[in-house]
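>>> Generate coordinates for the sequence data below:
(one chain, ligands or ions: 1)
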Amino acid sequence: MPVLPWDHILVTSCTVQRRVTKSQFWDELGAEERNRFLADLSYLDPEELRDHCRGAAEAASRCSSPQDRLDELMEPVPMEFIGGVCRSDKKTLDDWENEGFLQISLNRVAVLLLAGGQGTRLGVPYPKGMYNVGLPSGKTLYQIQAERIRKVQELASTRHDSMCKVPWYIMTSEFTLEPTEKFFKENNYFNLDPSDVVMFEQRMIPAVTFDGKVILEGKGKIAMAPDGNGGLYRALVDNGILEDMKKRGVQYLHVYCVDNILVKMADPVFIGFCVKKGADCGAKVVEKAYPAEPVGVVCRVDGVYQVVEYSEVLPETTALRGPGGGLLYSAGNICNHFFTLEFLMDVAQNFEGKLKQHVALKKVPFVDAKGTAVKPDKPNGIKMEKFVFDVFQFSRNFVVFEVLREEEFSPLKNADGAPVDTPTTARRSLLNQHYRWVLAAEASFVDPQRESISPPKSGTELDEDSQPTCEISPLISYFGEGLEKLLKGRTLESPFVLDESLAEEILRAS
Ligand SMILES: CC(=O)N[C@H]1[C@@H](OP(=O)(O)OP(=O)(O)OC[C@H]2O[C@@H](n3ccc(=O)[nH]c3=O)[C@H](O)[C@@H]2O)O[C@H](CO)[C@@H](O)[C@@H]1O
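A predicted model of the protein is given here:
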């Protein structure tokens, strides 16, 4: 596999001159390609790159060795340490929610979306947030998230008679920045104030061969990949985001991943829980569904809280059972994290360089010796990634908050046809939730012949194909609230889509 001749990169004392004129394909490149190639290289520091290549090769050779395994050192999070929706009475939950709304109303809460991933498993050529899972409204994940932000702002403002804002920080990468920006502009930022939507880019790092050489993806292009969602902490500093947060008075951050259709943006209950507990760092979890489910688990390793990723633990460990018969490692990470700004500043100043580099062996497209593009069918390269949750170990007061899967977690990872986490399962989760909300608001459904449809017995699984279709705009209800005044006692027909104009019509008529 051709690799870049790093011997031809010259380092001088005052400037870093990069010369790639002896690169195998240099003579074949046109002026523009050469300029682009040199521009790409100008972002790489030769010393850092050399360390990166060496480190990647060493880490890859170590990663399958038994002494690098965490399994032996893992222990579950003690139950009494986990707060959560099921374990708490209504009054406690209300207290947390009130606290969360108060903090939001004081403009102290922001959300941060991790959207720099390539979404390889879903297999679409655009950012995942632009995906439309086939809801009756046709809304994309980005639109749903934007509308939840608008609603949570409105709810907090109404409760506390303020005009609050929840800034939306979006971390993108070279792959996702341009299309994401374009999409938001085309959609008028979904009626959010554009100055409250802050996009920034994470760094890219070269993919490396197993013997530590940079891979050429094209004759004049190095294969680069985003540095993992833990690249967040460097990107926050690189792009002056922590300063921006400080200027706006943000103190608490809800960080989440792009693909969970049920995500509660700036969740007041979670924020309130973390604030009341005095936490500097927190994670939302759901009970893991089955041993091989591809979610990380929150646990302790050598006495320190952290997430152990599904790809880094042996199947026999994931299958272990606890005394009650449930999975021993059951605190499934849903990539919803809480951080104080103070903690993030501490990480930026003192800990970023200590974050673990995780090794992923990947199929990296490359050009062969003749310059022909090759798509390998087995892993040929190493991508190094940092993980967003690897800062938990530096927390002084880390908390875990358990929520109900059917209310808060349905990720979109795979294309339709896969058994789990597909557009179909995501759509179903949302429509089922909205159907439950409508039933709780004491509305009922009739079929096309006006025969009434009996609600499902409690405990039975909902089924999209045989039950009424029902979608509620986040602009009408953030989490099921406020529906009674619109729907109580009404008879509805499927498909029922409750948006702003229908809500106005109902209110006018009543
Ligand atoms: C490392 C990490 O967090 N793993 C979690 C992630 O796994 P999973 O393997 O599903 O992680 P993804 O690759 O989907 O990445 C999670 C999020 O990080 C973003 N991203 C990824 C790579 C990158 O360089 N930049 C970037 O911003 C993605 O766009 C996505 O929004 O979600 C699961 C729940 O769904 C959790 O159980 C896993 O513990």
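
>>> how near is the residue nearest to residue 246 when sequence neighbours are not counted to the ligand?
Once flanking residues are discounted, residue 246 sits nearest to residue 341: 6.7 Å by Cβ to Cβ, 6 or more residues apart in numbering. The way it works is simple: take the backbone N, C-alpha and C, and place the C-beta from them, glycine included. Per Cβ to the nearest ligand atom, to the nearest Å, residue 341 is found 20 Å from the ligand.

>>> give me every residue that touches the closest residue to the ligand within the stretch 401-510 of the chain.
Proximity of the stretch 401-510 of the chain to the ligand (Cβ to the nearest ligand atom) peaks at residue 411, 4.2 Å away. By Cβ atoms under 8 Å, 6 or more residues apart in numbering, the contact set of residue 411 is 257, 259-261, 334, 421, 426.

>>> List the contacts of stretch 161-170.
For stretch 161-170, the surrounding residues in contact (Cβ under 8 Å, 6+ apart) are 104-107, 109-113, 115, 145-146, 149, 152-153, 156-157, 180, 192-193, 196-200, 241, 245, 248, 250, 253, 265-266.

>>> List the buried residues of stretch 175-193.
Of the residues in stretch 175-193, 175-177, 180, 183-184, 189-190, 192 count as buried by neighbour count, 16 or more other Cβ atoms under 10 Å.

>>> Which residues does the residue of the stretch 401-510 of the chain closest to the ligand form beta bridges with?
residue 260 (DSSP bridges).

>>> Need the pLDDT of it.
Predicted confidence (pLDDT) for residue 411: 97.

>>> tell me the pLDDT at the residue in the stretch 101-250 of the chain that the ligand sits nearest to?
With Cβ to the nearest ligand atom, the shortest gap between the stretch 101-250 of the chain and the ligand falls at residue 117, namely 2.8 Å. On the pLDDT scale, residue 117 is placed at 92.

>>> if you go through the stretch 201-350 of the chain in chain order, where are the strands?
Here the stretch 201-350 of the chain has its strands, by DSSP state E, counting those that start in this stretch, at 204-206, 216-218, 221-222, 224-226, 252-257, 281-287, 297-301, 304-308, 331-340.

>>> Using a markdown table, lay out those strands together with mean pLDDT, mean neighbour count and distance to residue 495.
Conversion of the strands of the stretch 201-350 of the chain to a markdown table gives the following (pLDDT from 0 to 100; neighbours: other Cβ atoms under 10 Å; distance: least, Cβ to Cβ, whole Å):
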| stretch | mean pLDDT | mean neighbour count | distance to residue 495 |
| --- | --- | --- | --- |
| strand 204-206 | 92 | 23 | 43 |
| strand 216-218 | 92 | 19 | 45 |
| strand 221-222 | 90 | 18 | 47 |
| strand 224-226 | 93 | 22 | 38 |
| strand 252-257 | 98 | 23 | 28 |
| strand 281-287 | 97 | 25 | 28 |
| strand 297-301 | 96 | 21 | 38 |
| strand 304-308 | 95 | 20 | 39 |
| strand 331-340 | 98 | 24 | 29 |
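
>>> Residue 40 is nearest to which of those?
strand 221-222 (6.2 Å; Cβ to Cβ).

>>> Sheet partners, orientation included, of that closest one?
The pairing partners recorded for strand 221-222 under DSSP bridges are strand 216-218 (antiparallel).

>>> now the partner strand: how far from the chain's centre is it?
29 Å (Cα atoms, centre = their mean, to the nearest Å).

>>> outside of stretch 434-444, which residues touch it?
Contacts with stretch 434-444, where a contact means Cβ under 8 Å, 6+ apart, come from 452-453, 455, 462, 467-468, 470-472, 477, 480, 483-484, 486-492, 496.

>>> hmm, 6 Å instead?
With contacts defined as Cβ atoms under 6 Å, 6 or more residues apart in numbering, stretch 434-444 is touched by 455, 470-472, 480, 483-484, 487-488, 490-492.

>>> how about that stretch: buried residues?
434-439, 441, 443-444.

>>> Would you mind giving the residues you listed as JSON lines with distance to residue 235, pLDDT and secondary structure added?
Listed next are these as JSON lines, based on distance: Cβ to Cβ, whole Å; pLDDT from 0 to 100; DSSP: H, G, I helix; E, B strand; the rest coil:
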{"residue": "434", "distance to residue 235": "35", "pLDDT": "97", "secondary structure": "helix"}
{"residue": "435", "distance to residue 235": "39", "pLDDT": "96", "secondary structure": "helix"}
{"residue": "436", "distance to residue 235": "38", "pLDDT": "95", "secondary structure": "helix"}
{"residue": "437", "distance to residue 235": "37", "pLDDT": "97", "secondary structure": "helix"}
{"residue": "438", "distance to residue 235": "41", "pLDDT": "97", "secondary structure": "helix"}
{"residue": "439", "distance to residue 235": "43", "pLDDT": "95", "secondary structure": "helix"}
{"residue": "441", "distance to residue 235": "42", "pLDDT": "97", "secondary structure": "coil"}
{"residue": "443", "distance to residue 235": "45", "pLDDT": "97", "secondary structure": "coil"}
{"residue": "444", "distance to residue 235": "49", "pLDDT": "94", "secondary structure": "strand"}
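
>>> Which single one of those residues is nearest to residue 31?
Checking the buried residues of stretch 434-444 one by one against residue 31 (Cβ to Cβ), the nearest turns out to be residue 434, at 56.3 Å.

>>> And the residue lying farthest from the centre of the chain, its phi and psi?
For the chain, the largest distance from the centre (Cα atoms, centre = their mean) belongs to residue 449, which lies 43.5 Å off. Backbone geometry at residue 449, expressed as degrees, to the nearest 10, gives phi -90, psi 10.

>>> follow-up on the earlier one: the residue nearest to residue 246 contacts residue 245, correct?
Yes. Counting by Cβ atoms under 6 Å, residue 245 is a contact partner of residue 341 at 5.5 Å.

>>> any idea how far the residue farthest from the centre of the chain lies from residue 493?
From residue 449 across to residue 493, the span is 11 Å (Cβ to Cβ, to the nearest Å).

>>> can you check residue 134 too?
Distance from residue 134 to residue 493, counting by Cβ to Cβ: 20 Å.

>>> so what are the domain limits for this protein?
71-408, 423-509 (automatic domain parsing).

>>> per-stretch mean pLDDT over those, give me the minimum one.
When the domains of the chain are compared on average pLDDT, domain 423-509 comes out lowest at a mean of 92.

>>> And that one, end to end?
One end of domain 423-509 sits 36 Å from the other (Cα to Cα, to the nearest Å).

>>> now stretch 303-321
One end of stretch 303-321 sits 20 Å from the other (Cα to Cα).

>>> residues in contact with residue 245?
residue 341.

>>> what do you get if the cut-off is 10 Å, keeping everything else the same?
Residue 245 sits next to 110, 112, 167, 169, 198, 236, 251-253, 341, 344-345 when contact means Cβ atoms under 10 Å, 6 or more residues apart in numbering.
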